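A.B. asks: Sharing a model that was predicted from the sequence below.
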Protein chains: 2
Amino acid sequence: MVAMSQIPLARRSPIPPENCNLARTIGIVGDRWTLLILRAALYGVRRFDDFQAELGCPRTVLSGRLKILVDAGLLTKKTYKVPGKRARPEYVLSAMGLSLRPILIGLTQWGDIWLGAGEPPPISFTKAGSKTAIRAAFVDPDGREVRPDQIRAVLRG
Amino acid sequence: MVAMSQIPLARRSPIPPENCNLARTIGIVGDRWTLLILRAALYGVRRFDDFQAELGCPRTVLSGRLKILVDAGLLTKKTYKVPGKRARPEYVLSAMGLSLRPILIGLTQWGDIWLGAGEPPPISFTKAGSKTAIRAAFVDPDGREVRPDQIRAVLRG
DNA sequence: TGGTCTGGATTTAGATTCCGAACTCTTTCA
DNA sequence: TGAAAGAGTTCGGAATCTAAATCCAGACCA
């Protein structure tokens, strides 16, 4: 996580994984099914059977992962009721889960570049009222882009 | 992946996972050990035993994951030679792997916010020559920030 | 030369998790 | 009364993970 394109050799990371917020985050979302659930949720999927049809994963795995995401606070379990049908639970993204959207979009764009085989991406993102594409990047406090080679990591203490 | 904070209900995602670049990306990096390997690599770790000591994962899992990452093109297997020691392989991030750095930084900052328990983050990121922190965001082609509520998803075709 | 060390990687055996299919439970519709 | 639909749980077999021991090749040492 330093600036140059060749990262200098290190024997260990400067922060032990067990008290690293990145490692903790990976502990929650670093899982194929979990990430696919979040992807679907960001597209508006909310119901058990819809997740199952979308992902094609075993129902037992799905119910386990949903429980983890609810416990972690990324999803909120609510109740919905279609008139004439009985009430059923639905899983909605909390603010915590919603705030992962930039990262998922970033992963999408990474895939467009490196795995897209030169084809135009099936989905892209624009600013409201504009047609030009936007992209994930880093900005300074004033909202101006910071190029990757200008990023510096600062350790506390 | 729409703009408002309440995502409208959908029964299915607009793009089937099997030809979605996000799903393909998840297929490569959507794994706990793989992400921890990339984290370590971005901190400069390159050697088998160093990865193993850093992650504490079974060596068999490590060699499997390294193979996957090399095959996928995120890591390049090179050879290093300490004088008086025999030549050994090292695993260096390729451009493809390096370009995941913004995403890992984004995940770090997400963890700082939601899992940090109010403590100041152990690592932060700044622009070279400055002391103020930077953050992950979206920018238009001119490098100006686009706020989350202004993001629109556009499907091709 | 032969023995030992060292870093990279595979083998092995047992525990865990995953998978797919079938089953349960409850409410509503016919 | 019966069938349907949605959200799970149960179950056995397959795949994967884990931990520890082992293999292997090239330096160094005597």
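C.D. replies: Received, thanks. Numbering: from 1, shown residues only, chains lettered A, B, ... in the order given.
A.B. asks: OK, contacts around the spatially most central residue of chain A?
C.D. replies: In chain A, the centroid-proximal residue (Cα atoms, centre = their mean) is residue A:104; its distance is 3.8 Å. Contacts here follow Cβ atoms under 8 Å, 6 or more residues apart in numbering or on different chains; on that basis residue A:104 touches A:35, A:38-39, A:42, B:1, B:22. In short, each C-beta sits where N, CA and C put it, glycine included.
A.B. asks: any idea what it is structurally, helix, strand or coil?
C.D. replies: helix (DSSP: H, G, I helix; E, B strand; the rest coil).
A.B. asks: So which bits of chain A are right by DNA strand D?
C.D. replies: A:47-50, A:58-60, A:63, A:66, A:85, A:88-90 (Cβ under 7 Å from any atom of the strand).
A.B. asks: quick one: stretch A:103-112 to chain centroid distance?
C.D. replies: Distance, stretch centre to chain centre, for stretch A:103-112: 9 Å (Cα atoms, centre = their mean, to the nearest Å).
A.B. asks: Kindly apply the preceding question to stretch A:97-107 instead.
C.D. replies: How far stretch A:97-107 lies from its chain's middle: 4 Å, per Cα atoms, centre = their mean.
A.B. asks: Tell me where chain A has helices.
C.D. replies: Listed in chain order, the helices of chain A (DSSP state H) span A:21-29, A:32-42, A:48-55, A:59-72, A:95-98, A:101-114.
A.B. asks: can you pull the pLDDT of the residue of chain A found nearest DNA strand C?
C.D. replies: Using Cβ to the nearest atom of the strand, the single residue of chain A nearest to DNA strand C is residue A:84, 2.3 Å away. pLDDT for residue A:84: 88.
A.B. asks: cool, the one 5 residues further on as well?
C.D. replies: In this model, residue A:89 is scored at 96, pLDDT.
A.B. asks: show me the contacts for residue A:100.
C.D. replies: The neighbours of residue A:100, taking Cβ under 8 Å, 6+ apart as the test, are A:29, A:38, A:42, A:74, B:110.
A.B. asks: Mind doing that once more with 10 Å?
C.D. replies: The contact partners of residue A:100, by Cβ atoms under 10 Å, 6 or more residues apart in numbering or on different chains, come to A:25, A:28-29, A:35, A:38-39, A:41-42, A:74, A:93, A:107, B:106-107, B:110, B:114.
A.B. asks: Quick check on those: which are buried?
C.D. replies: A:25, A:28-29, A:35, A:38-39, A:41-42, A:74, A:93, A:107, B:106-107, B:110, B:114 (16 or more other Cβ atoms under 10 Å in any protein chain shown).
A.B. asks: nearest to residue B:138, of those?
C.D. replies: residue B:106 (11.2 Å; Cβ to Cβ).
A.B. asks: What sits closest to the closest one if chain neighbours are left out?
C.D. replies: What sits nearest to residue B:106 in space, not counting adjacent residues and going by Cβ to Cβ, 6 or more residues apart in numbering or on different chains, is residue B:136, at 3.9 Å.
A.B. asks: What about that neighbour, how many residues nearby?
C.D. replies: 20 (other Cβ atoms under 10 Å in any protein chain shown).
A.B. asks: Thought residue A:135 was touching it, still the case?
C.D. replies: No. Between residue B:136 and residue A:135 there is no contact, the gap being 11.3 Å when judged by Cβ atoms under 10 Å.
A.B. asks: any common contacting residues for these two?
C.D. replies: A:106, B:102.
A.B. asks: Return the distance of the residue nearest to residue B:106 relative to DNA strand D.
C.D. replies: Distance from residue B:136 to DNA strand D, counting by Cβ to the nearest atom of the strand, to the nearest Å: 29 Å.
A.B. asks: now that residue: how far from residue A:13?
C.D. replies: 20 Å (Cβ to Cβ, to the nearest Å).
A.B. asks: Report pLDDT for residue A:116.
C.D. replies: According to the prediction, residue A:116 has pLDDT 86.
A.B. asks: same deal with residue A:147?
C.D. replies: 89.
A.B. asks: Ok, residue A:140 next?
C.D. replies: 94.
A.B. asks: surely it meets residue B:128?
C.D. replies: No. Counting by Cβ under 10 Å, residue A:140 sits too far from residue B:128 to count as a contact (11.0 Å).
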